[in-house]
Each structure stands twice: as structure tokens, then as C-alpha cells.
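Q: Give me a model of this one.
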Amino acid sequence: MRSPGSTPINPIVPKEMKELKRVFEQLCYFADKVEAIKRLGVIRETLLECNRPPPNSTRQRDGPVSTSNPERWKSADDPEKGRTMIHLQKEQSELESKLSEIRNRPIQHIRPQDTATALESLGKKATKREVQNMMWEVDEKLDGVLDWDEVYSNFERNIRDSSGLEPATFYHMIQFMMYDHDNNGLVSLDETMNMLYARVGREQMETMITKLFGGDDGAPIKEVGHQGGEIDFERYWEVVVREHQKQFRESDPSKVVAEKTQSKKK
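A: Have a look, this model is predicted:
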């Protein structure tokens with residue numbers, strides 16, 4: 001089995017390989033990790049807020065209190081906040097241990113519930129059958145789970161495909177998550193440009209960027225949000241599925257199928 005650390009000869013550029021590995025590792029046992037990840041985010045934000053000294057506080061002269069030493073709060077103005085920090089740091093440690101255990105399981109793979117949970121986190125509700133179909137696109141071993149070899153092969157097949165024949169719904173989800181470096185459920189124009197430029201060059205990159213971030217009629221890009229503009233998964237999905245279908249209709253295999261269909265009608 002090819003490991004995520006291997007680098008075989010392939011058309012995937014280094015930047016894509018790095019992001020593909022990251023997303024694969026993120027999706028492995030994602031359903032088991034997602035709540036702990038969310039809770040850790042809340043805890044870290046709360047600890048940062050607790051660590052922020054009150055305005056005009058004399059404690060500001062000594063600099064902020066380290067979140068790694070909440071015991072110092074016991075002698076501060078707000079001992080209750082100190083107890084809160086101690087409790088949160090204990091919970092943080094427990095959650096990090098849980099995530100470490102999951103990430104270090106000997107066998108890493110993506111299960112149907114991981115795919116479903118990932119879609120839900122991106123704002124897309126999928127039926128059990130839709131998830132099964134997505135998994136089927138990738139599951140060459142027909143064992144119900146996806147390992148690194150299968151995810152890698154599916155990605156490689158899709159970036160090679162010029163006919164639109166290759167099933168691509170799982171690939172579309174993976175690609176979006178690769179663009180979404182900070183895992184906020186949005187991809188920015190800057191994030192997407194950097195990845196696309198490395199793969200297809202400037203001309204094709206500009207065409208795809210306009211389709212994703214511009215109007216459906218080819219209108220100019222509207223820079224809304226951070227990093228030159230952002231889109232969510234729903235918008236991304238709408239565009240890439242439409243373009244995939246268009247690619248198939250314009251391909252030679254599609255024309256052959258259409259010709260055979262017409263000949264049967266005569």
C-alpha cells in the first residue's frame with residue numbers, strides 16, 4: 001500500500017500532493033473527531049479571551065497572563081476566571097489526547113459516516129444512497145472504506161480525465177477541502193488561484209476562477225469577503241458539477257453515445 005508520505009511519479013503537482021494528504025488525514029475517522037475539533041476551537045477562543053486583561057488594568061504592565069500558567073489567576077482580581085481556565089485546560093488536554101489516539105490508529109481510512117459528516121460540515125445534506133454512490137466511485141477494493149491508495153488514484157484519474165466520463169462527486173468534495181486551507185467552509189479567490197495556477201496555468205485558471213467567483217453569465221469577479229472574495233461549498237458544487245456535465249456533453253464519447261441513440265430512433 002502506498003503511504004501518504006510516498007511521492008510516486010504522477011501528474012499531481014507538489015502543492016496538490018501536500019493538500020491531498022492533509023485532506024485525507026482530516027477525513028479519516030472524521031465522524032469520530034469532528035465534535036472534539038469543534039469543542040477545541042471553542043476552548044482555545046475562550047482561553048484567549050480569559051487571557052486578555054481588562055482595559056486600563058494595572059496588570060497590563062506585566063504583559064498578558066500565559067494560558068499555560070492559569071495558577072497565576074488565583075492571586076489576580078478574578079479567581080473565578082482562574083478556575084475556569086484550569087478546567088478548560090484540563091478538558092483541552094483530554095480532547096487533544098483523544099484526537100491523538102484517533103490519528104495514530106494503525107489503519108487510517110475514510111468510512112461512509114466520515115464522508116456524510118464532512119458533507120454536513122460543508123452545509124450539504126446527503127442521503128445514505130448519495131454517500132454510498134460517492135464512496136463507490138473511489139472504493140476499488142469494495143471493502144466499504146477508502147484508503148490512501150484509493151483516494152490518490154481517484155484524484156489522479158479525475159485530473160487526467162478530459163472526457164467527463166470519470167465519476168467525480170467525491171473528487172469535487174476533496175478538491176474543495178484542498179482549497180479550504182483554514183477549514184472555515186469557504187474557499188477564497190486567493191486560495192483557489194494559487195492551487196489552480198500550479199495545475200493548469202494562467203489562461204485556464206482565469207477561466208475557471210471567473211466561473212466560480214464571477215456571475216453565471218461570465219460577469220466579472222466580485223471581490224466580496226476575505227482574500228479577494230469567498231464562496232461556499234454550495235456555490236462551488238453548483239459550478240463544478242455543471243462544468244463536469246458540460247465537459248461530458250462536448251467529449252467524443254458523448255457524441256458517440258448521442259449518434260447511436262439517434263440511429264436507433266431511425
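
Q: can you map out the strands along the stretch 101-250 of the chain?
A: All strands of the stretch 101-250 of the chain, identified by DSSP state E, counting those that start in this stretch, fall at 186-188, 230-232.

Q: which phi and psi does the residue lying closest to S251 once chain neighbours are set aside have?
A: In this structure, S251 finds its nearest non-sequential neighbour in S163, 4.1 Å apart by Cβ to Cβ, 6 or more residues apart in numbering. In this view, the C-beta of every residue, glycine as well, is placed from N, C-alpha and C. Recorded main-chain torsions at S163 are phi -110, psi -20, according to degrees, to the nearest 10.

Q: can you count the residues close to S163?
A: 13 (other Cβ atoms under 10 Å).

Q: per-residue pLDDT, it?
A: What the model reports for S163 is a pLDDT of 83.

Q: these two touch, right, it and E250?
A: No: with contact defined as Cβ atoms under 8 Å, S163 and E250 do not form a contacting pair (9.2 Å).

Q: My read is that F213 contacts G229, right?
A: Yes: using Cβ under 8 Å, F213 is in contact with G229, at 5.1 Å.

Q: Show me which of the two is the more surrounded one.
A: Ranked by neighbour count (other Cβ under 10 Å), F213 and G229 place F213 first, with 24 against 20.

Q: Tell me how far the more buried one lies from V13.
A: Distance, F213 to V13, by Cβ to Cβ, to the nearest Å: 22 Å.

Q: try H244
A: Remark: distance between H244 and V13 (Cβ to Cβ) = 21 Å.

Q: Please say which of those two ends up with more neighbours.
A: H244 (20 against 13).

Q: Contacts only, for that one.
A: G164, A168, H172 (Cβ atoms under 8 Å, 6 or more residues apart in numbering).

Q: domains of this protein?
A: Following automatic domain parsing, one gets these domains for the chain: 14-28+109-256, 30-103.

Q: So which of the ones you listed is the most surrounded?
A: The highest mean neighbour count among the domains of the chain, using mean count of other Cβ atoms under 10 Å, belongs to domain 14-28+109-256: a mean of 17.
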